[in-house]
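In: generate a structure from the sequence data that follows.
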Amino acid sequence: MQPLSSRFALGLTALALGLNGCAEQAATTGPETDPPPATVDTHEGHDHDEHAHPSHGPHDGDLIELGNEEYHGEIVHDDTAGTVTIYVLDGAATTQVPIEATEVTINVKHDGAPEQFALAASPDANDPEGKSSRFVSSDTELATHLDEEGTDARLVLTINGKSYRGEVAHNHDHAH
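Out: Have a look, this model is predicted:
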């Protein structure tokens, strides 16, 4: 029989080898140690226009995302004309989409108080009878609130029976 110290040393050696083998195996396999997927898209092999996200609409207004980019609203705030115009656009934010609505709404929260503003249908020349892709308000109070810091504004409308809401960004780059 081996002395106690020899068995102890032999046991420690076996344990060390066993742990080392497990550590090497754990380091090379398993979901915890697989390299993470690349987070940088090199954009090789495809056209950038396939997923371009414009920052402005065809009327040079700011875009409002509706749904999961199913549609967009474009807000054109013209202080000179005293109007706020919403255009309903497709998912690519390039083409106007006429909808069956007589008005759309912008809900505004300012100074802690909510307020609603209706924008009336004002069909473009190419919109079919009974539909509109353009909605206009001449309410100076709406225009004023959209200029105020801290204003929270949301566009609310219905397209093909489905309700959509989109955040109206506060932007001072509109026509003055």
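
In: name the residues that touch whichever strand or helix holds Arg154?
Out: Taking DSSP states H and E as the definition, Arg154 sits inside strand 152-159. Under the criterion Cβ atoms under 8 Å, 6 or more residues apart in numbering, residues 64, 66, 71, 73, 75, 86, 88, 97, 99, 101, 104-110, 145-146, 163-168, 170 lie in contact with strand 152-159. For glycine as for every other residue, the C-beta is placed from the backbone atoms N, C-alpha and C.

In: any of the residues you listed buried? List them.
Out: 64, 66, 71, 73, 75, 86, 88, 97, 99, 101, 104-106, 108, 110, 145-146, 164, 166, 168 (16 or more other Cβ atoms under 10 Å).

In: domains of the protein?
Out: 1-35, 48-168 (automatic domain parsing).

In: give me the beta-bridge partners of the closest residue to Thr105 other than its chain neighbours?
Out: Spatial nearest neighbour of Thr105, excluding adjacent residues (Cβ to Cβ, 6 or more residues apart in numbering): Val156 at 4.5 Å. According to DSSP bridges, the partner residues bridging Val156 are Thr105, Arg165.

In: what about Val156, distance to His77?
Out: Using Cβ to Cβ, to the nearest Å, Val156 is found at 17 Å from His77.

In: before we move on, back to that, check what pLDDT the residue nearest to Thr105 gets.
Out: Note on Val156: pLDDT of 98.

In: give me the number of residues near it?
Out: 15 (other Cβ atoms under 10 Å).

In: in helices only, show me the contacts of strand 152-159.
Out: Of those, the ones assigned to helices by DSSP state H are His145, Leu146.

In: got a list of what Glu167 touches?
Out: Going by Cβ under 8 Å, 6+ apart, Glu167 touches Ile64, Glu65, Asp152, Ala153, Arg154.

In: of those, just say which sits nearest to Ser138.
Out: Nearest to Ser138 among those, counting by Cβ to Cβ, is Ala153 at 17.0 Å.

In: that closest one: neighbouring residues, count only.
Out: For Ala153, using other Cβ under 10 Å, the count is 23.

In: how much space between it and Pro98?
Out: For Ala153 relative to Pro98 (Cβ to Cβ), the value is 24 Å.

In: what comes up buried for stretch 58-73?
Out: Within stretch 58-73, the residues that qualify as buried by neighbour count (16+ other Cβ under 10 Å) are Gly61, Asp62, Leu63, Ile64, Glu65, Leu66, Tyr71, His72, Gly73.
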